[in-house]
Each structure stands twice: as structure tokens, then as C-alpha cells.
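Asker: next one to model:
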Amino acid sequence: MKQAAFPKLLSSQIAFDIARTILDGFDKHYRLFRQASQVARRHFETANWSVAQQAARERIDFYDKRVLECVQVLEDEYDDSELTDSVWRETKLHYIGLLSGHKQPELAETFFNSVCCNILHRTYFHNDFIFVRPVISTEYIENDELLPAYRVYYPATDGLMFALKRIVTNFQLNCKFANLDRDIAQLETCLLQKLGDDAFEPNYQIQVLSNLFFRNKGAYVVGKVINGTQEFPFVVPILHNGNCQLVMDAVLLDHAQITILFSFTRAYFMVDMEVPSAYVQFLRSLLPRKPRSEIYTILGLQKQGKTLFYRDYLQHLKHSADRFDSAPGIRGLVMLVFALPSFPYVFKVIKDFFPAPKDTTRAQVKEKYLLVKHHDRVGRMADTLEYSNVAFPVERFSEELIAELLHHAPSLVEFEGDRIVIRHLYIERRMVPLNLFLVSAEAAGNDALIEHGIIEYGNAIRELVAANIFPGDMLYKNFGVTRQGRVVFYDYDEIEYITDCNFRDIPQPRNEEDEMSAEPWYSIGKHDVFPEQFGAFLLGNAKIKKYFMKHHAELLTKDFWQSCKQRIMDGFIDDVFPYPQHIRFRNQAPASAPAYTPPLLENLNNE
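Answerer: Numbers count the residues shown, from 1 in each chain. Model prediction:
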């Protein structure tokens, strides 16, 4: 019987050594990744918020640092002449063998791709050198640790309250609860209301992920209740009460609320996972409409998220026929934005030149996007996927879009046969620009939607301020409305830290000549901001002005901005809750934004 086309003998020692070096580099990366997640628990227990935020920012760079370390080792060890096509093909086969029994094979494959793509030019590496599709299955990976990916509790045995208490105490947090019995009773009441009057089935159980999810000032218990054919997710946030004690703050039972908790507008969770694919599989059972790429990303495994996103994108291209074209909305001065109508993302390219009044560079714009990547996005800034050398089929681009790219960003565009290659771009979730949302609402005579948009816009500003972010350009066109009806900022080229800004009142004119002058009669520093001027750009529409002044008039005052700046400089870290105020057990109002329940947005779907 004729054998398949496969090497009879993997004989290259160089190929094996390269494979071993790359896997060692990945194992080092994931060991440090897990350590950071484990330390996050101690930061939470000691309420060391500033250190926790810094650790979360630093962890984002772990992957790139380990990839560059591995590339440096390989480049120092081997000459280009030794790294032939046959060596690279055999390296991949050795690597596959080394992944047998590995607990994070999908992440290790992505790490392999990253190293290869750093060493080999894009016109040189081939699909058989890298993992275009996953080779190692992540199904049913065994956990060698005593702690499985999730624990199972059976309330029918000892009662629901006892099971809930076991769930919480099994996490063994090194900090006491203020009143655990009270919190458990409130949690039990909420779960029983959700279960309704249904009789308990033989498989009545609660499944809970074995490790807590840490982010900002919260720790989250993530699980689901199963009773016969009924199954629903729940998330319990645990917070500090200010007296060095813990409280269970709420229980999230609504899919929309849990989706927002895991949104692309949030900072990444810190969670210790030996088998990350098991956590992703569990979370997908809670959020079946959330793509795996976004789940990996929100868990801090953003490179794996990028890999899966790109695979999904290629698959979508294969099974669609519509064409890329400029995204709807007002054209930006810094970014050229295009989209594929059938794909829920936009592609953003930095232009080669920026007309007045923009005064920036491509490098500075990239720094702003990197700032957002590392910062706490508090649910109000869209995360971005950054790619280099992305190839698109030319026939899928409109002639107008190609002309725009060649005019505004010729240095980033290259043609290779039937493909157009864009050397650098960002990809974001598509949203409805807020200015178009407001125009549409007014055309429909829907004042409730107009008010909702303005309330959400102001709340977005407030929560960004609480996170030490000044948007810079506050025009409505720079904000988008998500499918959950939330307003999110997405234009970052003028973003600044609040603490770097100098908020001022406009000085009174000294004389009639000052008052009639077309130019300011007073000095303006680079970081000076005059909040009273915002109204001239934001409140031209009577209805918008009415709702803005009703809900957010203080945003036009220097005192609001200066007081927020002072709080940050004094070391306060405000609470920005990723769930509605009305579901909190003690229903306390946050410092950053007024409590608000939006109207029913019938024209918007769930995320």
C-alpha cells in the first residue's frame, strides 16, 4: 500500500532544536502570564488597585516581548543559509510532535506563527511553514492539577443556600466578608426567582469556573445553573466595601448584562487558566453569540483572539460576495475607514498626510492607539486589532475605495497580482456613528432615542474622565452606538490624560477690541481646554441642547473637569460599574455617572 506524502524520517537536528526553542519561548510566556493572573488575586485581597492596574497593563506586552526574545535567540544561533524550506517544514512537524499532551496547544501554535512571521518575509513564508488552521485539537484536554476547569454543585443534596456558600468559600479569598450570610440570602432569592416554580430535575446542578475573574476593583464568580432543559448563566461580582471587607455586590442573570461585562470595550480579565480552551468553551455556553476570538481576547489572550478573528475573516470572505467600500459617516481627517457590509467590523488606515487643523504624525497616532490598548477602557472605548501586511482580493474593492487609498495612504498600499496589500491597519467592531444615530432618531420623531443618545454620550464622557481620559475631539461623529445601545468612543488621535490637561475659563475681554477680535486675545497652551466652548460644537440642535442641559450641563464647566482631575491626582480610583445600578444588592449610586435605565431600543439587537 502506498504511503501518504509524509517524511519517512525527521532527520534534521536543526529543525528539532528550532522547534524546541520556540516551544520553550512559549512556555516561558505562558508561565509568566499565569503568574500575573495569580498575583492579581493578591492585589484584589489587599485592595492594591493602582498596582493591579499597572500589572494588567504590563501583561499586555508579555507576548510580544517573548516573541522578540525567541526571534533574537534563533537569529543569533543560525545563519540564513541553514534555514532552508525543508528545515522550516520539518520544524513545524517536530513542533506538532512536541505539542502532544500540551495544555495550551492552540496558543503555542499561534506563538509559532508569530516567531516565523518575524523571521520570514511575507512573500517567503508559506502555508506549510505555519499553522494556517489548527492542527492540535483542544477538545477534552485533561487538567493535571487538582483543580478542574469548573466545579459542580448539587443543591438538591444540602439546599441551595449551602451550595452557594460552598461556591464562595471554595475560592478561599484571604479577606473576610462583611456579612456573607446576608449576601448569600440575597443571591439565593435572585436565583430562585429566575428558576421560577419549575420542579427540580434529577440533573439540577450549578457549574462554576474554578478561578475568579479579576478586573479593576472587582472579582467575578462565573457560572451557570442547569435544571432539566433549563439552563441560564450567572455572574456574581465581589467588591471591597471600603472597610477592608468583601461584599457580593449583585448577580447578573440577563444575557445582555453578561455580554456587556465581556464586551470589546472593557479591559482584559486576569484569570488563572491551565487549560484556557476549557474556559473559552464554558464561556461560549453562556454567550453562544460571542465569537471565540472575542472570548480569548477578553481573557487577555489577545494574540489568539487575533488569530481566530483572521481565520473567521478569511472564512467570511470565502462565503460572501459583497464589496469593501468607505464606511458611512463623516470622513475623518486622520483615518480612512472602510468596511464590508456583511462583516460587522471596520478597517481603519492612518492617512499619509493630515490637513489643518490636525497637527500630528502617524507615529503619534499609533502611540494613542497603543495608549488605549493598555488603558482601562471602562466600557467606553473600543478595543482594536492591529495588523500588518493584510492582503485583500482586489476584485472585492470598489474603484472609489482604491482611489481613496491611493490618494490618502499611498505609502501603505501595495499591489501583488490580484491582491491589494495594506501594510498597517486597525480593525474595530462596527457601530452606528452617534451623529447618524441622532439624525435618524430626529427624522423618526423619536425623542426618547435622542434623549437616550445624549444621556449615554454624557455618561461615556463621565466614565472616561473617571478613568483619566480626555477624548480631545468630543464631536458626536467620534462616538458610536453599539448594538446594546451604549455610546462608545472610537477616535483616538487627540486623546489625552485628564491629568495632562489644563482646564480653564475663557478670560473676560479687557476692552471692546478684545471682544470683537476674530482671534483669541489670551494665550493658549498646548494642553489648555476651555469646557465652556464645547457647547458651540455640540449644542446647535435645539432638542439635543435641551437634553444635554437637562442631564449633563456641568460638562460645560471648568469646575467639573478640574474637580475630576484633582481626584485622580489625589489618588482616587473611581468605581465604574460594568452592570446596571438597579441590580446592585445595596443599589448605591456610582461616583462617575448618574444611575440610568435606557428606553427599549427596538431597532438595536443584542451584541
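Asker: pLDDT below threshold where in the stretch 251-400 of the chain?
Answerer: Scanning the stretch 251-400 of the chain for pLDDT under 70 picks out no residues.
Asker: try 90 this time
Answerer: Across the stretch 251-400 of the chain, the ranges flagged by pLDDT under 90 are 328-332, 355-359, 389.
Asker: can you pull out the strands in the stretch 251-400 of the chain?
Answerer: Remark: strands assigned in the stretch 251-400 of the chain by DSSP state E, counting those that start in this stretch are 325-326, 335-339, 345-350, 385-393.
Asker: give me the contact list for the longest one.
Answerer: By that I understand strand 385-393. 122, 305-306, 309-310, 317, 324, 369, 373, 416, 418-428 (CB atoms under 8 Å, 6 or more residues apart in numbering). Every residue, glycine included, has its C-beta placed from N, CA and C.
Asker: the strands of the stretch 251-400 of the chain: which one's closest to Ser100?
Answerer: Among the strands of the stretch 251-400 of the chain, the nearest to Ser100 by CB to CB is strand 385-393 (30.8 Å).
Asker: so what are the sheet partners of the closest one and their directions?
Answerer: strand 419-429 (antiparallel) (DSSP bridges).
Asker: name the nearest residue to Leu239, sequence neighbours excluded.
Answerer: Nearest non-adjacent residue to Leu239, counting by CB to CB, 6 or more residues apart in numbering: Asp249, 4.7 Å away.
Asker: separation between that neighbour and Asp76?
Answerer: 51 Å (CB to CB, to the nearest Å).
Asker: who has more neighbours, the two?
Answerer: Neighbour count, other CB atoms under 10 Å: between Asp249 and Asp76, Asp249 has more, with 22 against 7.
Asker: doesn't Asn241 make contact with the more buried one?
Answerer: No. Using CB atoms under 8 Å, Asp249 is not in contact with Asn241, being 9.1 Å away.
Asker: break the chain down into its domains, please.
Answerer: 13-119, 150-316, 320-430, 433-583 (automatic domain parsing).
Asker: any chance of TSV for the ones you listed, columns distance to Ile141?
Answerer: Output for these, formatted as TSV (distance: least, CB to CB, whole Å):
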stretch	distance to Ile141
domain 13-119	6
domain 150-316	5
domain 320-430	26
domain 433-583	30
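Asker: for Ile136, which of these is the nearest?
Answerer: Comparing the domains of the chain by CB to CB, domain 13-119 comes nearest, at 3.7 Å.
Asker: in the stretch 501-607 of the chain, where is pLDDT below threshold?
Answerer: In the predicted model of the stretch 501-607 of the chain, residues 506-526, 571-577, 581, 586-607 satisfy pLDDT under 90.
Asker: what are the ranges of the helices in it?
Answerer: 512-516, 534-538, 542-552, 558-569 (DSSP state H, counting those that start in this stretch).
Asker: for the ones you listed, give me CSV that also has mean neighbour count and distance to Arg42.
Answerer: Output for the helices of the stretch 501-607 of the chain, formatted as CSV (neighbours: other CB atoms under 10 Å; distance: least, CB to CB, whole Å):
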stretch, mean neighbour count, distance to Arg42
helix 512-516, 10, 58
helix 534-538, 14, 42
helix 542-552, 16, 39
helix 558-569, 16, 25
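Asker: quick one, which of those helices is nearest to Met381?
Answerer: Nearest to Met381 among the helices of the stretch 501-607 of the chain is helix 558-569 (16.8 Å), distances taken as CB to CB.
Asker: now do that closest one: distance to the chain's middle.
Answerer: 27 Å (CA atoms, centre = their mean, to the nearest Å).
Asker: quick one: it to helix 542-552, angle?
Answerer: With axes from the mean of the first three to the mean of the last three CA atoms, to 10 degrees defining the directions, helix 558-569 sits at 50 degrees from helix 542-552.
Asker: other SSEs contacting helix 558-569?
Answerer: helix 447-466, strand 502-503 (3 or more CB pairs under 8 Å, 6 or more residues apart in numbering; DSSP states H and E).
Asker: out of the ones you listed, which is closest to Ala108?
Answerer: Ala108 lies closest, by CB to CB, to one member of the helices and strands packed on helix 558-569: helix 447-466, at 37.0 Å.
Asker: now do the closest one and helix 558-569, the angle between them.
Answerer: Helix 447-466 and helix 558-569 are oriented at 40 degrees to each other (the same axes, to 10 degrees).
Asker: and the helix or strand just after helix 447-466, what's its mean pLDDT?
Answerer: Counting by DSSP states H and E, the next helix or strand C-terminal to helix 447-466 is strand 469-470. Average pLDDT, strand 469-470: 96.
Asker: which residues are in contact with strand 469-470?
Answerer: 375, 381, 464, 495-498, 500-501, 529.
Asker: present those as TSV; the columns should include distance to Leu406.
Answerer: What follows is the contacts of strand 469-470, written out as TSV (distance: CB to CB, whole Å):
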residue	distance to Leu406
His375	34
Met381	31
Leu464	35
Ile495	29
Glu496	32
Tyr497	36
Ile498	39
Asp500	37
Cys501	37
Val529	37
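Asker: which among these end up buried?
Answerer: 375, 381, 464, 495-496, 498, 501, 529 (16 or more other CB atoms under 10 Å).
Asker: ok, those vs Lys358, which is closest?
Answerer: Taking CB to CB as the measure, Lys358 sits nearest to Ile495 out of the buried ones among the contacts of strand 469-470, at 13.6 Å.
Asker: dump the residue contacts of the closest one.
Answerer: Remark: with contacts taken as CB under 8 Å, 6+ apart, Ile495 is in contact with 368, 371-372, 469-472.
Asker: of the residues you listed, grab the buried ones for PyMOL.
Answerer: Per 16+ other CB under 10 Å, the buried members of those correspond to this PyMOL selection:
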select buried, resi 368+372+469+470+471+472
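Asker: from the contacts of Ile495, which single one is nearest Gln562?
Answerer: Among the contacts of Ile495, and counting by CB to CB, the member closest to Gln562 is Phe470, at 12.1 Å.
Asker: show me what the closest one bridges to in the sheet.
Answerer: Going by DSSP bridges, Phe470 is paired in beta bridges with Glu496.
Asker: that one and Asp570, how far apart?
Answerer: Using CB to CB, we find Phe470 at a distance of 18 Å from Asp570.
Asker: quick one: Leu14 is in a helix?
Answerer: Leu isn't right for residue 14; it's Ile. Yes. Applying DSSP: H, G, I helix; E, B strand; the rest coil, one finds Ile14 inside a helix.
Asker: turn the helices of the stretch 501-607 of the chain into TSV, including distance to Cys117.
Answerer: Converted to TSV, these look like this (distance: least, CB to CB, whole Å):
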stretch	distance to Cys117
helix 512-516	59
helix 534-538	43
helix 542-552	46
helix 558-569	40
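Asker: between the buried ones among the contacts of strand 469-470, which is closest to Glu515?
Answerer: Of the buried ones among the contacts of strand 469-470, the one sitting nearest to Glu515 (CB to CB) turns out to be Val529, at 22.0 Å.
Asker: shouldn't the closest one be in contact with Thr557?
Answerer: No. Taking CB under 8 Å as the definition, Val529 is not a contact partner of Thr557, at 11.8 Å.
Asker: surely Leu32 is in a strand?
Answerer: No. Going by three-state DSSP, the assignment for Leu32 is helix, not a strand.
Asker: begin at 55 from now on, thanks
Answerer: From this message on, residue numbering opens at 55, which makes the last subject Leu86.
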